[in-house]
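Asker: Quick one: sequence and predicted model below, then my questions.
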Amino acid sequence: MLSFIGRSVVQKIITLFFVSVVSFLIIHIAPGEPSQVDPMNPKFTPEVVERFREEFHLDKPLHVQYIYFYQNLFTGKTVSWKDNQSVLQKIWERFLNSLPLFIVGTVLTWTLSFPVGIRSAIYRGRLYDRSATFLSYLLISIPGFFFAYVLIIFVVTHFHVPVIGMETFGTGNTSTVFVVMDRTWHLLLPSVLGATGGIAVLSRYVRSQMLEVGGQDYIRTARAKGLPQEQVHYKHALRNALLPFITMFGLILPGLIGGSVIIESIFSWPGMGRMAYEAILARDYPVILTVNFVSAVLVLAGTFISDILYIIADPRIRL
Amino acid sequence: MKDNRLISVQDLKVYFRSNATTARAVDGVTFEVDREETVCLVGESGCGKTVTALSILGLVPVPPGDIAGGRILFKGQGLLDLDDNNMQSIRGNHIAMVFQEPLTSLNPVFTIGDQISEAISIHKNIDTGTQRERCVQLLRDVGIAAPEQRLNDYPHQLSGGQRQRVMIAMALACDPELIIADEPTTALDVTVQDQILRLFKYIQKTRAMSILYITHDLGVVTHIADRVYVMYSGVIAEQGFTSQIFNHAKHPYTRGLLASLPSRSKRGKRLYSIPGSVPDPAHKPEGCPFHPRCPHAIPSCWSEYPQMCDYGEGHLARCPVLFEKTKKTIDDK
Amino acid sequence: MKNSAQKEFKEDFQLEEPLAPKKTRFQEFWLIFRQNRLAIIGFFIFVLFFLSAIVGLVLTSGQDPLFDPARIRLQEKLLPPLAKPNLDSLAPEDVPAIGFYLMGTDDLGRDVFARMLQGAWVSLTVGFVAVGISVLIGIFLGGIAGYFGQHYMRINHIVLASLFIFGVGLIAVQSPHLGAACLVLGFLLICYQALTKRKPRKKSMPSWTRFLFKNAISVDTLIMRVVDIMLCFPSFFLILTVVALLPASIYNIMIVIGLTSWMGTTRFVRAEFLSLREQDFVAAVRALGVSNYRIIFRHMMPNAIAPVLVSATIGIATAILTEAGLSFLGFGVPPPHATWGNILSDGKRFIFDAPWLTFIPGIVILIVVLSFNLFGEGLRDVMNPKLRERH
Amino acid sequence: METRHTPQNIILKVEDLKKYFPIRRGFFQNIRGWIKAVDGVSFEIERGKTLGLVGESGCGKTTVAWLILKLLKMDEGRIIFRDTEISELSEKEMKPYRQEMQMVFQDPYGSLNPRMTVGQSIEEGLSILGIKSRKKRKEHLKKLLEMVGMSTNSSDRYPHEFSGGQRQRIGIARALSVEPSLVICDEPISALDVSIQAQIINLLKDLQDQLELSYLFISHDLNVIGYLCTTISVMYKGLIVESASAEALFSHPYHPYTISLLSAIPDPESSVKKEVKLPARDFSDTLIPPDGCNYQGRCPMDEPRCGQEDLIFTEVEKDHFVRCWKVPKNNV
């Protein structure tokens, strides 16, 4: 077990190194330079550009730049080119904003898709299963931004509540109840939207896993023992069907960044995804690279956690 | 005699329906198992023997399965009419089953102790301590060394033979009257198969229970069976005591099977082989299901479904053609 | 008795016939496929979409297209679907070809129907080209990892490859001396290898060179690590970054989507190949002495490709969604050219005044993507060997 | 029956074949032990005769087959086909010998490419044989199909349209398409229906007579082995523990494992019911076997000495070899 952990950590660190190199190369080899972002801006005289290049080591060869950048990153000195703020500080703030969205979305996904999927599997081929199947295809296929607008129109016209942003502007003096309600309304739509795709995909997956396990011989054994149906489904089948989801559980971590760009920009939610989007627009390389690096760390940490969980959960794996 | 009957299956029909076809997996099977008797159901893959066993326990998946007709009487009680709850109290408690693949038939994520005591706890009202003792005793009975330690093992930690012993222990957990063993040794090596067969006989003797043993291996049958039912394509082709079947087979199929077995004594001689293939349950031939492969087939075999012919002393075969022939030879004599 | 039976058997000895009546592959596919009603609907929409994209391309391009998606009629702006143009105020060449605006007009008075037709072609090509790229890469790398996976890269291979990559890389980033040195070193290494290869055995070599010929990493591990690295990038974010940095063009989008989505296929093909390698029929043809090339392309690929096709169908749906998302965010295809994503994006400002600008492209994307998904699921059933096997 | 072994008469000779699979553990994936799948197997097959290799599942029978066909790389040993040592040949040099040795597989469903018609599968072999003309190939194909008892119109069908026994026939036709002289049959009938097995056995026997084939027949079923084979080698955990002519092995086996195998055969002809004993002890398998005899722990005649000595394959009678130190003493 210890040697597995050791091997896996070393492997992940090597992977991380290559990720950092590749992302650095992608950004820097692509045509265009940040110093040319706004050539029309009168403030950017050639001297300023030159000073700018010098300050951010842009005049050095690439490998030197690489070392400078990651040195700064690990010592926490990296600053955004746009506003000279500490990148880590910025990411942390945005991360805190994204967190409630992420948590509500994840909880919704995982609590809804399992009952739906299991029920679909048990009532396979019946009306419930068929409508759930069609609905999940519908949800997988609907473009998120379109669905967002449909929902916005629906909520705004029927409930007359504003939903854009994190809270309604100028609600500072009103009662706590109102603020909480207001916050909840703002949180609800984007997190529901973020969860729909996940629910659809996951419930399909739960269903097929349950069906797969349901055809196994040990389920027949359990029934031959005289176990009641519920116990067969929820003890013998579910326990085995759940195993693959442990691997998926580790993979929700990176969803913190990647999945939310469109939704956060529609709802003007000041989260990580929106920050990344703005950074890309502004060619703010340090922010882009750091976000990328953080998300790679999250991916690797996620797979690491799920590997460990899987080993703990499945008695067949011996190390 | 009547009181001695444990289970009787009468004209059981199980069909599997799909959109296009209906596969008549079991097509009118009748057989009995008496108390303290070992009965073998012999047949090739696809002849419906497993489906027959599963339908006794009500484990045929519906749909696509469909119990199209017949009765199953267990101690006089019709099993097919029971609701789920009553059926559950019979499964494992009065009738237990041992399956073919011991590895896949045990749940990989529970310890064997859990799985055995689960069977006890459903049917018997015993506290956990006693359950544990009973598990240990059961494992010891089926010949597993150091049962106390094995209790906390997972199935993958055991060898194939040990797993099958665990399956048997699980079946024995509630002292059932009938054990249905569905090809329990097919996946095992010859030496292990021998041990398991001995174990079955030992159990039957010491516990006074009945065994319905399902196999395709005629060699196994001679080892274990008191009476034999030969199945072909969803029907019973021949039935009788073991010595009757093996020494005086009356159905062309049984005869063909016996003649086609390779053995050292037949070296150098050409083996008899039954021509053709086993019929697909979805496209069975008309009349006698064996007629396309039968050397004795006469035109009426093409169209008429053959009746069981009684040779006396419990020996029956579903072949009127051979029955006529034997009668003639007896008359001639 | 036994003898007579044997004689009878020998007399009517007959050749074995196949069990099932003859059916072509297509008939078999169709028999299974038609059981899935949703898949059939998906398939017809799929065909319809395909046709309309091609027809749309013909009708909306050229010097004087029948439907001009770029024609601006400011006086006709934000008309609802099926609205008749005001013939008095409109120049005759501005009147739409079918006499009315089937899907209304947008804020510049452009015919939404014409724009949707033009966008269909964009969606179609993006979907097919991007998935084509990713499937090709995926099959190639997955096939190598699955078939030649046990082969080892020796240290000299790796040294060589990295020398050349660094050499070219360093020259590209303006340090030509170091780069040239790397290249020269690599060239020397090749010469050295060629020399040593001619010698019969490696025994004569000094011990430090033997280190060069040690096995370092298996091909399989190498490819799978590359997949791991690629999976570390959040895909939409990566696509967004690259598309933003590159000049806006539809081809860049296709290539970028393709280059960032091959990992699933690779893993899949690798797993298929690994399991196929273990199958007896592959062992049988290896025993016959069939060449590796033929084993891969004639025996393994046809068996591995079916599930890849299924995931490709669903991949097209995802690519269309991704492209629409990019267009929506304002990246990608440059403005005068219409795509479904940017029609929706332009329309979002008028969501209450002209909801059709949001709903028409939204629903069309939904239907097309849905049809691809349903069709893919249907294909999965058809390709499932369990459903076709008789036993 | 017994002819003196002359070198010309021997078609395949295997000497001290070894294949170990490493067990890797720990941080650096160091090799912590070896699974000795095949641990020094030697035998020879005479032209036109059948050697039976019998043993329980996992004893390394199939690995031996794959090693001989060079589908797996061996670690040590020599394979001599006719007069040529083929163990060191490169893939290119191996080509002419590949055609000489073919294999019939256990699983009739997995051994045919499901996406190729029967004709295509068999013709592949024919084109390797060098038959270029299309017409000739079709003729050959027809002949081959008839030889294995299949009708000619099955050539444009896909494997799933056939039953298990029919597929096995097709598999045999494919193996014969390159006109081999040695066919390795790896449990060719154990996956088939009982009523079909005899068909395939008869077919294999007919083909042997017609084409003068030699067989290496791998099986776990002593009934079949006893019926088909001239010589029998009993394999246990990677080693051949006893080897003799079929008559000798069945009438007076020496090795305790062979004895237990023979007594365990469910033989319908001996309808004597076996006596009921207490359930026999069951055996746990260890991954890494101890020193000395590999049958330790299961052997009824276990003694401390079994764990100390390395055993030699001793000739206890003419052409009867046993790997057990007790046997010569009993026999003297």
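Answerer: Looks like it arrived, so ask away. Predicted model only: the values in this text are computed from it and were never measured. Residues are numbered from 1 along each chain as shown, chains lettered A, B, ... in the order given.
Asker: what's the closest non-adjacent residue to whichever residue of chain B sits closest to chain D?
Answerer: Nearest residue of chain B to chain D: B:Gly219, at 2.8 Å (Cβ to the nearest Cβ). For every residue, glycine as well, the C-beta is placed using N, CA and C. Excluding the flanking residues, the one nearest B:Gly219 by Cβ to Cβ, 6 or more residues apart in numbering or on different chains is D:Pro266, at 2.8 Å.
Asker: how near is the one you found to B:Ala225?
Answerer: 11 Å (Cβ to Cβ, to the nearest Å).
Asker: re earlier: pull the number of nearby residues for the residue of chain B closest to chain D.
Answerer: Counted with other Cβ atoms under 10 Å in any protein chain shown, residues neighbouring B:Gly219 total 20.
Asker: other SSEs contacting whichever strand or helix holds it?
Answerer: For B:Gly219, the host element (DSSP states H and E) is helix B:218-224. When contacts are defined as 3 or more Cβ pairs under 8 Å, 6 or more residues apart in numbering or on different chains; DSSP states H and E, helix B:218-224 packs onto strand B:38-42, helix B:190-207, strand B:210-215, helix B:242-247.
Asker: and if we set it to 10 Å?
Answerer: When contacts are defined as 3 or more Cβ pairs under 10 Å, 6 or more residues apart in numbering or on different chains; DSSP states H and E, helix B:218-224 sits against strand B:38-42, helix B:190-207, strand B:210-215, strand B:227-232, helix B:242-247, helix B:252-260.
Asker: Identify the contacts common to D:Pro266 and B:Ala225.
Answerer: B:Thr215 (Cβ atoms under 10 Å, 6 or more residues apart in numbering or on different chains).
Asker: Ignoring the adjacent residues along the chain, who's closest to the residue of the stretch 1-150 of chain A found nearest chain D?
Answerer: Scanning the stretch 1-150 of chain A for the residue nearest chain D gives A:Ser3, at 4.1 Å (criterion: Cβ to the nearest Cβ). Computed as Cβ to Cβ, 6+ apart, the closest residue to A:Ser3 that is not its neighbour in sequence is D:Phe27, at 4.1 Å.
Asker: Surely the one you found forms part of a helix?
Answerer: No: assignment of D:Phe27 by DSSP: H, G, I helix; E, B strand; the rest coil gives coil, placing it outside any helix.
Asker: in chain D, which spans are helices?
Answerer: D:61-68, D:91-100, D:118-129, D:134-147, D:164-176, D:194-211, D:222-228, D:246-251, D:256-264, D:326-331 (DSSP state H).
Asker: and those as CSV, adding mean neighbour count and distance to C:Leu124?
Answerer: Shown next, in CSV, are the helices of chain D (neighbours: other Cβ atoms under 10 Å in any protein chain shown; distance: least, Cβ to Cβ, whole Å):
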stretch, mean neighbour count, distance to C:Leu124
helix D:61-68, 23, 48
helix D:91-100, 15, 45
helix D:118-129, 21, 35
helix D:134-147, 16, 41
helix D:164-176, 26, 43
helix D:194-211, 19, 52
helix D:222-228, 24, 60
helix D:246-251, 18, 69
helix D:256-264, 20, 66
helix D:326-331, 14, 78
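Asker: Would you format the ones you listed as CSV with mean pLDDT included?
Answerer: Output for these, formatted as CSV (pLDDT from 0 to 100):
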stretch, mean pLDDT
helix D:61-68, 91
helix D:91-100, 86
helix D:118-129, 90
helix D:134-147, 90
helix D:164-176, 92
helix D:194-211, 90
helix D:222-228, 89
helix D:246-251, 88
helix D:256-264, 86
helix D:326-331, 60
